[in-house]
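Undergrad: coords please:
(chains A, B and C)
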Amino acid sequence: MNALKPSFYEQDTLQLSKTLLGKLLIHETSAGLISGWIVETEAYIGPIDQAAHSFNNRRTKRTEIMYGAPGFAYIYTMHNHTLLNVVSGKLGNPEAVLIRAIEPVEGIEFMIQSRGEHIHQTNQLTNGPGKLTKALQISNAQYGHPLFTKPLYIAEGKEIKTVSSGPRIGIDNKGEAKFYPWRFWETGNGYVSKKLGSNFENNLFT
DNA sequence: GTCGAGATCCTC
DNA sequence: AGGATCTCGACG
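TA: From the prediction side, this is the model:
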């Protein structure tokens, strides 16, 4: 499987959030290959986005990678969970796309092992940003990894027919930003993290 | 050094 | 609805 080239990431962050849907996220671990189609994303556009860690161009050790070239992994921990973002935007612009859910493709047995015994349904393996990193064995050690190179990379995947959008999840205390429709998912996909919210759902392509 | 908050997940 | 339980960032 060929990784998408660095130039793929040189597009507007909202556009990238949509075009990442259907792409294949792959981790080649020592145990074997684990992969899944990206089915849900969120955009974070630092300078103007209260919900972003880089809001108002806040620059810290953690957000530093967001200011670099697009296509690198911004990984951070919240509570006990690891979250994976794709750095986006031009060099110097601290933007990123959060990968919120994938649909398992290969290495499902590894996903089950990694996630633990309490999982009894395949659609519970990777339907959340903390879940999918655990399933794919992604950790903070991959902070800054270029996502166009092995062992952790993104490749072409499947065709997405319809994309939906709506407000992002878990940022209710972030003022106006909580209304921005910067969450994107494949319409009707059963591996998306939360059932909608039909009030806020918009179909972008039909 | 201390302290509070959080782009979550799981169980009750 | 609440708790787990870790990291970062702000403050001093």
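Undergrad: so what's the backbone phi/psi at the most far-flung residue of chain A relative to its centre?
TA: The outermost residue of chain A relative to its centre, with distances by Cα atoms, centre = their mean, is A:Glu117 at 24.7 Å. Torsion angles at A:Glu117 (phi, psi; degrees, to the nearest 10) stand at phi -70, psi -20.
Undergrad: tell me the confidence at it?
TA: For A:Glu117, the pLDDT comes out at 83.
Undergrad: distance of it from A:Asp172?
TA: Distance of A:Glu117 to A:Asp172, given as Cβ to Cβ, to the nearest Å: 32 Å. All C-beta atoms are positioned from the backbone trio N, CA, C, and that covers glycine.
Undergrad: residue boundaries of the strands in chain A?
TA: Using DSSP state E, the strands of chain A run over A:24-28, A:33-45, A:73-78, A:81-88, A:95-106, A:148-149, A:152-155, A:163-166, A:183-186, A:202-203.
Undergrad: how about stretch A:114-122 as CSV, C-alpha atoms only?
TA: What follows is stretch A:114-122, C-alpha atoms only, in CSV (Å, rounded to 0.1, in the frame of the first residue of the first chain):
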residue,chain,number,x,y,z
SER,A,114,-5.3,-4.1,22.3
ARG,A,115,-8.7,-2.9,23.4
GLY,A,116,-9.4,-5.5,25.9
GLU,A,117,-12.0,-8.2,26.8
HIS,A,118,-14.8,-5.8,27.5
ILE,A,119,-15.4,-5.2,23.7
HIS,A,120,-18.0,-7.5,22.3
GLN,A,121,-18.8,-5.8,19.0
THR,A,122,-16.6,-4.9,16.1
